[in-house]
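Engineer: pasting the sequence and the predicted model now:
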Amino acid sequence: MKDFFIKKTLKNNLHNVKKEVFTRNIQTIGLLIDESDFRHSKALIKELVLNGINSDKIKIVVYRNKFKDKKEYSFPAFGKKHVDWNGSVKTPFLTEFIETEFDLLISYYDVQKPVLKLITNQSKAKFKVGFASIDKNINRWMINTALEDYKLFVFELFKYLRSIK
């Protein structure tokens, strides 16, 4: 039921998506990862660093289908329960992530989950990149690759970014 209302909120806000053109060097990256099925977040970050991104300039939040309050995660983590039925975020670190004007937001998930799409849509990032399998109205640029192939994703991302400089 919660997903229904989040989808409705998302649908009402999709027409407000800002389509900015990316024209400068990347200094800050927001990384939204669905760790429900993907367990290579640290390796993904390492690939970004190998392509010249300062690790201090990468801010990460991860989503878990099965979020456990008492478990410690490597990165700030959230689940469905951290978002109200009307799409309001209830966790300060997630609100801060959404409000940060990253140069680039990487939405690293390939399954359409309303909570993740809502976070991507609400993000104040200047340029948004994600997977081709996700709603084309949310990200400015989509990469067509498998979730597990993070090296190819990062390669394609930087190939594109270098071509638009």
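Structural biologist: Noted; the coordinates are in hand. Numbering: from 1, shown residues only.

Engineer: tell me which helix or strand comes right after the worst-scoring helix or strand of the chain on mean pLDDT.
Structural biologist: Least confident helix or strand, the chain: helix 2-13 with a mean of 49, by mean pLDDT, DSSP states H and E. Following helix 2-13 in sequence order, the next helix or strand is strand 29-34 (DSSP states H and E).

Engineer: can I get the CA coordinates of that next one in CSV?
Structural biologist: Taking C-alpha atoms only, strand 29-34 is exported to CSV below (Å, rounded to 0.1, in the frame of the first residue of the first chain):
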residue,chain,number,x,y,z
ILE,A,29,29.3,12.7,-6.4
GLY,A,30,26.2,11.4,-4.7
LEU,A,31,26.0,7.6,-4.9
LEU,A,32,22.6,6.0,-4.3
ILE,A,33,23.0,2.2,-4.3
ASP,A,34,20.5,-0.6,-3.9
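
Engineer: which helices and strands sit right next to that strand?
Structural biologist: In terms of contacts (3 or more C-beta pairs under 8 Å, 6 or more residues apart in numbering; DSSP states H and E), strand 29-34 is packed against helix 41-50, strand 58-63, strand 104-108, helix 114-122. For the C-beta atoms, the positions are set from N, CA and C on the backbone; glycine is no exception.
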